[in-house]
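Enquirer: coordinates only, sequence not included:
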């Protein structure tokens, strides 16, 4: 650790101070500064997630025999993954090198950075380093998986230095939509690499802790070999609004709600947003109920660790909301992305057990749709509006401030750090390309910019950035308790079932002579309504009888061949009659 010291924290005891807090530090001792041999040394970086996608962030650094990991996140399934609960990185490359990995550093507590951690730690008990709030959220996840007592969790804070083999990593405070977020200054004999983590530049943050721009600039003066920077908002011009502007909007909207019940949907991890909602609710003498498991967990952890100051008498249980009139209630819920199983979706569709939507509700969706979620959010807005509910969403008012830097802030970071090589991360291809163009506009040569993909491994020296052979990578699907047992074959079957349904052909056959004792019976699910298509079902039964009769006179019966022929003939009939291709499943029982 360095000899750096903080000034006394005015937020002691869990009380939030609205005034900005500044920090002073003593200069780090020379002992902590590594000696760089830039001309000959090389460092490798492997991207196991977070490239060409939003989510599933995971990066592996390697210098000679030492490795360490930055983040271990998940992604949520798209409509192309029916039945899948979560998507996590493929850990094959990590597990193949587990003896060389010195630790995992987590930049902040969002699911796309911590969500896969429990699945990795079950297979390799690697030490985890993270800030106070992030550790608190990680503990809850590890406890759910029953491995909390086995995990090695180390709490760290901004400006701390961690030594992991040949790497010395300093944490740098950044602003994001969750407190305790950090970027990393990664030092090794090859040079200094800056990885920003998810960040924005907020000069008036809700908690008063502005991003540590001086430290980024100081590294820029020392000389940075490479910058890995958040690309999420690389398409958006200008600067990212401060989170504090959202509080003013809530005040305006809450007054506009009048005597209606207010329902606010937001990201479950946004403590600052929850804090502002509670503060405004208190000022207007409304009670606040929290709905959604992840949101309830965040409130509990945030309050326990002092990151959330809950006004006395404001928070009530969701079970008691019927004891209050609409004009005295605010419900904070999950579902701002229109997720099918979220609390807001269940409320809108009348499926929630504790909250029923009425025309006297006033719904605020305090989030911008993540790319790909626009349709789901639009569907929820439409469902609510059909029921006479007024909905405030997207850019109608300043009800959301992104946690990611827009173009001017991204260029400011590049200008301060002034790296020799630039690698855009955390974004889809369009975000990475746009960010690369920004870097070029800042004077970084195109040959010094690398736009990567999942599985890419690069080698950086003082002279060049070189792509090496890809490492094992990809997606692992989590479905219930199953991890990795759902693959392309299963998914293709699910898609086919969801599209055209299934026909089951059941018959009982005498194993001695091949005669049909019972059946064949035709069962249809998700294909056609049987009572209205009796002629079609009769035709299918005739085809099945014909195929089975073809086996009577054969001395040796190949049941697999018979099933294949039955599938082919039934499928041919159904396509001719309906232009649909249901799955055909023959079931033979021999007695």
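Expert: Structure's in. What do you need? As the structure is a prediction and not an experimental result, all values here were calculated from the model.

Enquirer: output the below-cut-off pLDDT ranges for this protein.
Expert: Low-confidence segments of the chain, defined by pLDDT under 70: 1-39, 79, 371-372, 394-399, 484-485, 511-515, 530, 551-558.

Enquirer: point me to the residue sitting closest to the centre of it.
Expert: In the chain, the centroid-proximal residue (C-alpha atoms, centre = their mean) is residue 112; its distance is 3.5 Å.

Enquirer: quick one: contacts for that residue?
Expert: Listed by C-beta atoms under 8 Å, 6 or more residues apart in numbering, the contact set of residue 112 reads 50, 54-57, 73-75. Heads up, the C-betas are built off the backbone N, CA and C, glycines and all.

Enquirer: between the residues you listed, which sits nearest residue 145?
Expert: residue 74 (13.0 Å; C-beta to C-beta).

Enquirer: hmm, that closest one is touching residue 84, no?
Expert: No. Under the criterion of C-beta atoms under 8 Å, residue 74 makes no contact with residue 84, lying 11.1 Å away.

Enquirer: and these two? Which one has more around it.
Expert: residue 74 (27 against 20; other C-beta atoms under 10 Å).

Enquirer: how close does the more buried one get to residue 347?
Expert: 25 Å (C-beta to C-beta, to the nearest Å).

Enquirer: show me the strands in the stretch 401-550 of the chain, by range?
Expert: 419-425, 457-460, 465-468, 475-479, 482-483, 502-509, 516-525 (DSSP state E, counting those that start in this stretch).

Enquirer: highest mean neighbour count out of the ones you listed?
Expert: Burial of the strands of the stretch 401-550 of the chain is given as mean neighbour count (mean count of other C-beta atoms under 10 Å); strand 419-425 ranks first at a mean of 25.

Enquirer: tell me which other helices or strands that strand touches.
Expert: strand 224-230, helix 429-441 (3 or more C-beta pairs under 8 Å, 6 or more residues apart in numbering; DSSP states H and E).

Enquirer: so how many other residues sit close to residue 565?
Expert: Quick note: residue 565 (other C-beta under 10 Å) scores 16 neighbours.

Enquirer: repeat for the one 5 residues further on
Expert: If you count neighbours by other C-beta under 10 Å, residue 570 ends up with 23.

Enquirer: those strands in the stretch 101-250 of the chain, which residues are they?
Expert: 101-105, 128-130, 153-155, 161-164, 167-173, 182-188, 191-195, 224-230.

Enquirer: which helices and strands does the fifth one pack with?
Expert: Counting contacts by 3+ C-beta pairs under 8 Å, 6+ apart, strand 167-173 is packed against strand 66-70, strand 101-105, strand 161-164, strand 182-188, helix 213-222.

Enquirer: can you do 7 Å?
Expert: Counting by 3 or more C-beta pairs under 7 Å, 6 or more residues apart in numbering; DSSP states H and E, the packing neighbours recorded for strand 167-173 are strand 161-164, strand 182-188.

Enquirer: neighbouring strands of that strand in the sheet, and parallel or not?
Expert: strand 161-164 (antiparallel), strand 182-188 (antiparallel) (DSSP bridges).

Enquirer: grab the nearest non-local neighbour of residue 160.
Expert: residue 171 (5.4 Å; C-beta to C-beta, 6 or more residues apart in numbering).

Enquirer: again, but for residue 470
Expert: residue 455 (4.3 Å).

Enquirer: distance-wise, check that neighbour relative to residue 83.
Expert: For residue 455 relative to residue 83 (C-beta to C-beta), the value is 25 Å.

Enquirer: who's more crowded, those two?
Expert: residue 455 (18 against 13).

Enquirer: tell me the contacts of the residue lying closest to residue 428 once chain neighbours are set aside?
Expert: Spatial nearest neighbour of residue 428, excluding adjacent residues (C-beta to C-beta, 6+ apart): residue 52 at 5.9 Å. Applying C-beta atoms under 7 Å, 6 or more residues apart in numbering, we find residue 52 in contact with 428-429, 453-454.
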